[in-house]
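Asker: show me the folded form of this:
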Amino acid sequence: MVKDSIGNPLNLANVIAVNQDSKAIESYNITNAKGVYTLNLAKNTAYKLSVSFIGMKTIQYELTTQEVAINKDFQLEEDAGALDEVAITYKIPLKISGDTLIYDADSFKNSTDKKLEDVLKNMPGFEVTKDGDIKFEGKKITTITVEGKRFFDGSSKLASKNIPAGVLDKIEVLKNHDNISQLSGVRDNSENIAINIKLKEGKKNFWFGDLMAGGGPDERYILHPKLFYYSPKKSINVITDFNNIGEAPLSASDLSRFSGRLHRIHQNSGTQFNVESPNTESLSLRNNRAKGIDTKFAAANLNVAPTGIWDLSGFAIYSGSRVNTQENSFRQFFQSENTPNPPDDESITNRAHQKSDMGIFKISSTYKPNSNNQLDYNGFARISKTSLDKSYFSSVLQDINEKNTQDPYKITQGLDYYYTLNERNVFAFESQYLLQREDPFYNAILTQQSMFSFADNLGLDQNQGSYNINQDQLVKTNKFDATLNYWYVINRKSNLNFTLGTLLSAQQFNSSIYQILDNGSVYELNPPQGDLNNDISYHFNDVYLGLHYRIKMGVFTIAPGISVHSYLSKNKQFNATSQFDFIRVLPDFNMNIQLKSTETIRFDYRIKTQFTNVNQLAEGLVLNNYNALYLGNRDLENTLAHTLSLSYTNQINLLNRYRNTTINASVNYLKTTEAIRNSIDPEGILQVATPFNSNFEDEGLTGNLQLTRAIWKLRAVVGGVFSYSKYDQIYENIVSTNESFIQSYNFGLKTNFYREKFPNIEVGYNHSINTYNQGLSNPKYITDSPYANIEAAFLKGFIFKADYAYTNYKNESTSLNTYSFLNASLSYQHLKSQWEYSLTASNLLNTRSLNTNMSNDFFVSTNQYFIQPRVITIGIKYNL
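Answerer: I've put the predicted structure just below:
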């Protein structure tokens with residue numbers, strides 16, 4: 001224990017153990033409310049203990065550990081001269097100040113660490129995924145600032161993969177974070193966590209970063225300069241990456257998360273309405289791998305403060321890629337006891353080439369003349385140009401060629417104003433306007449020998465050498481969102497929130513299908529039934545009032561709420577109008593239980609009304625791909641979704657780097673009534689699908705558990721994720737049930753040597769089971785994957801890294817494929833030099849393919865996916 005001069009326990013006293021040989025902090029702790037501390041030390045080792053508390057004289061105590069535990073109390077005396085002189089001897093690795101955790105970066109940095117992600121992996125509570133996403137307490141981090149200035153907006157990958165480890169001073173974790181300081185005390189931010197990075201003094205008001213270039217056999221190249229500048233009034237970040245070695249700086253999903261600080265205004269209103277079209281065709285990479293990837297990427301981020309009350313920021317991103325893929329698939333189609341003519345299984349070989357260019361732009365302005373007023377403007381634009389060429393060989397349909405092109409754009413503007421009248425009355429007005437245009441074009445060429453069953457459905461001219469089918473689509477969207485919130489603060493522990501909101505959307509959808517004949521002329525199709533053209537206008541309005549009450553009672557924070565919505569949904573097509581208007585009351589309930597400062601239970605329940613977009617309403621035929629026709633339903637109604645989520649987070653002994661535990665667990669349940677499902681009319685392996693409101697309930701259950709335990713120099717991770725879903729569809733006029741159960745389990749063990757001259761080694765095992773139930777088809781796929789990684793620094797400047805993974809992909813009875821990946825790198829940098837040299841090899845074992853599986857309404861598929869061969873590069877880097 002640590003006590004004061006009269007024997008009272010001291011809370012938050014610092015106890016640090018410094019190894020006498022290495023002179024490094026080997027263990028530390030901060031006393032609890034009872035004055036108790038615990039240090040985990042090595043046996044038979046000499047240490048110097050430093051015990052300190054504000055206003056007290058620091059005690060320095062030397063001891064040598066033996067084979068048994070040691071009990072040692074300290075009694076601190078008041079220091080009369082404490083206010084006149086403060087001596088700082090050691091850095092505290094981790095401090096807790098209210099909702100802020102402050103990590104000292106050097107205390108967690110290894111000699112092999114090069115980037116932010118490397119350092120974060122060593123810090124208790126943090127997790128960095130293979131894709132570079134940063135998580136804390138199991139929650140994904142989307143807001144990252146450097147010296148208080150935003151580092152882009154959206155994906156944390158740009159920060160984790162590019163900010164150099166050598167410039168880090170402190171990592172500040174801001175729990176219960178709110179971007180609007182005026183609202184931080186009145187709304188729930190328990191799920192919001194931000195990171196602020198403090199730089200070392202020598203990195204402020206100076207440019208820093210690195211310039212890297214390299215190349216290798218087979219004309220491989222990589223060019224990766226990145227520059228950063230930070231001053232009190234300005235910050236500049238420039239990141240570029242040009243390579244053809246298969247490294248994509250950002251994936252398609254990463255790029256989609258860049259929002260430009262534009263929030264989802266109605267995310268807690270109970271209305272779910274998405275205007276993004278599902279017909280955007282693009283290649284889906286497996287583990288960011290493909291047979292060939294050529295990437296060009298450039299991003300710039302600027303923050304400037306023209307005055308003390310006005311901040312301007314923005315970013316520009318260009319991402320261009322050329323991707324080649326090859327895939328072999330085996331499809332088992334839906335069958336039931338009542339299927340009169342079940343389709344044959346299909347084997348497909350698919351080769352594809354995609355060209356994609358995208359520009360993302362954002363500008364933001366924050367004007368805050370005083371603490372009671374804030375005016376924000378955000379402008380965001382995304383422009384892209386994509387083309388995708390595919391060639392198939394099907395065991396059923398023979399040769400098929402497809403082409404998809406699209407040049408969409410999206411422009412969003414937001415204007416927000418926040419006003420605090422006094423300590424009891426707070427107002428917030430938030431608004432956004434969206435202008436969006438999507439223009440997908442689709443072309444399919446099939447041979448006559450393919451016996452294309454859709455020939456009659458579409459009214460094709462069948463006296464041609466091949467079927468050349470084309471489809472134009474155009475979707476225009478205008479959407480306006482606005483809310484006015486008023487909070488009445490009853491007292492320090494409770495408040496009332498009144499909301500007036502509206503969502504106004506107008507969409508126009510046009511499409512047409514036509515045939516190009518062998519002589520190049522356009523043939524206007526005349527199907528026996530249905531229409532091949534769409535011209536539909538769709539209007540959706542939501543006006544609502546909301547009331548929420550939030551109160552804190554001891555460890556409980558409870559927030560019940562209710563919203564009353566007036567909905568109008570109207571679509572007009574083929575000279576007829578379909579309209580629904582109704583009023584609905586939607587309740588929601590949220591509860592946080594703060595058992596300790598680091599232990600939380602969260603429960604959330606809400607009912608959501610979900611609405612479709614214009615694509616599912618269009619009743620003219622749409623060709624989704626060469627084997628799928630889609631016929632919309634103008635009379636689709638809304639669906640009702642009940643969502644429940646329960647999560648638990650506990651960080652035990654977080655302040656003890658060598659003996660801490662992190663537990664993250666969550667369970668989510670979703671039940672949907674009147675869900676929109678498809679009625680499928682199959683013709684062999686081809687299908688015509690029509691959406692309908694199901695009378696049966698869809699259900700989904702997901703859960704995850706992850707336990708991380710640090711014991712001395714080891715860190716163990718045990719976790720599991722599962723996902724179960726069940727829904728009904730109509731297949732050949734018969735109701736059928738589709739089920740899937742996905743399980744994934746993992747175990748990992750890693751050494752944590754910080755200052756010691758030992759390599760860090762990580763070993764682990766991943767096990768996944770995917771089970772599908774589609775009528776008579778019930779396939780099950782199992783994947784086992786042990787792995788091992790090593791990082792070692794040696795000979796004063798050399799760093800060696802390697803990672804190995806073995807995968808066995810099988811069904812219930814047979815191993816379908818086994819493959820291994822081995823990547824390695826060797827780098828050298830003299831301690832006093834700014835130059836660094838590297839030799840990097842990926843896929844050293846020259847593995848040529850990997851395996852995946854998936855399911856949809858129509859079939860279950862197992863896939864062999866071909867990847868890039870061995871790549872070896874030599875690089876040189878200059879560190880600024």
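Asker: what about the helix or strand containing I769, average pLDDT?
Answerer: According to DSSP states H and E, I769 maps onto strand 760-774. Strand 760-774 carries an average pLDDT of 94.
Asker: and stretch 829-849, how far out from the chain's middle?
Answerer: 28 Å (C-alpha atoms, centre = their mean, to the nearest Å).
Asker: pull out the buried positions in it.
Answerer: Residues of stretch 829-849 classed as buried: 829, 836-844, 847, 849 (neighbour count, 16 or more other C-beta atoms under 10 Å). Just so you know, the C-beta spots here come from the backbone N, C-alpha and C atoms, and that holds for glycine as well.
Asker: same question for stretch 766-776.
Answerer: 766, 768-775.
Asker: what does the worst-scoring helix or strand of the chain on mean pLDDT contact?
Answerer: Lowest on mean pLDDT, DSSP states H and E among the helices and strands of the chain sits helix 454-458, with a mean of 77. By C-beta atoms under 8 Å, 6 or more residues apart in numbering, the list of residues contacting helix 454-458 from outside reads 460, 462, 467, 469, 513, 515, 525, 527-528, 530, 532, 621, 629, 683, 686, 688.
Asker: closest one of the residues you listed to I96?
Answerer: L629 (59.7 Å; C-beta to C-beta).
Asker: does E674 really touch L640, like I thought?
Answerer: Yes - using C-beta atoms under 8 Å, E674 is in contact with L640, at 6.2 Å.
Asker: which ones are touching L707?
Answerer: Applying C-beta under 8 Å, 6+ apart to L707 gives the contacts 661-663, 717-719.
Asker: and the residue nearest to R659 when sequence neighbours are not counted, how far from A213?
Answerer: Nearest non-adjacent residue to R659, counting by C-beta to C-beta, 6 or more residues apart in numbering: N40, 4.6 Å away. Going from N40 to A213 by C-beta to C-beta, to the nearest Å gives 45 Å.
Asker: S356 too?
Answerer: For S356, the distance to A213 - C-beta to C-beta - is 24 Å.
Asker: ok, those two, which is more surrounded?
Answerer: S356 (20 against 16; other C-beta atoms under 10 Å).
Asker: ranges for the strands of the stretch 351-500 of the chain?
Answerer: 373-394, 398-406, 409-422, 425-438, 441-447, 466-491, 494-516 (DSSP state E, counting those that start in this stretch).
Asker: quick one: which of those is nearest H539?
Answerer: Among the strands of the stretch 351-500 of the chain, strand 494-516 comes nearest to H539, with 5.4 Å by C-beta to C-beta.
Asker: strand partners (parallel or antiparallel) of that closest one?
Answerer: Sheet pairing here is set by DSSP bridges, and for strand 494-516 it gives strand 466-491 (antiparallel), strand 522-523 (antiparallel), strand 533-553 (antiparallel).
Asker: in TSV, list those strands along with mean pLDDT and mean neighbour count.
Answerer: Listed next are the strands paired with strand 494-516 as TSV, based on pLDDT from 0 to 100; neighbours: other C-beta atoms under 10 Å:
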stretch	mean pLDDT	mean neighbour count
strand 466-491	95	18
strand 522-523	92	12
strand 533-553	96	18
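Asker: closest one to S111 among those?
Answerer: strand 533-553 (45.8 Å).
Asker: follow-up on the earlier one: and which of the contacts of helix 454-458 is nearest to L822?
Answerer: L686 (42.8 Å).
Asker: that closest one reaches L623, doesn't it?
Answerer: No - at 11.1 Å, L686 and L623 do not qualify as touching, with contact defined as C-beta under 8 Å.
Asker: ok, now which ones touch S736?
Answerer: Contacts of S736 (C-beta under 8 Å, 6+ apart): 334, 336, 728-730, 774-775.
Asker: distance to D254 added to the buried residues of stretch 766-776, as a markdown table?
Answerer: As requested, the buried residues of stretch 766-776 are arranged in a markdown table below (distance: C-beta to C-beta, whole Å):
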| residue | distance to D254 |
| --- | --- |
| N766 | 23 |
| S768 | 23 |
| I769 | 28 |
| N770 | 25 |
| T771 | 30 |
| Y772 | 29 |
| N773 | 33 |
| Q774 | 32 |
| G775 | 37 |
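Asker: quick check, nearest of the residues you listed to A802?
Answerer: N766 (18.2 Å).
Asker: and the gap between the closest residue to N176 other than its chain neighbours and R602?
Answerer: Take N176 and drop its neighbours on the chain: the residue closest to it by C-beta to C-beta, 6+ apart is N189, 4.4 Å away. To R602, N189 is 12 Å away according to C-beta to C-beta.
Asker: if we can go back for a sec, residues shared between the contacts of L686 and L623?
Answerer: Counting by C-beta under 8 Å, 6+ apart, the residues touching both L686 and L623 are L629.
Asker: picking that back up, out of the strands paired with strand 494-516, flag the one nearest N205.
Answerer: strand 466-491 (40.0 Å).
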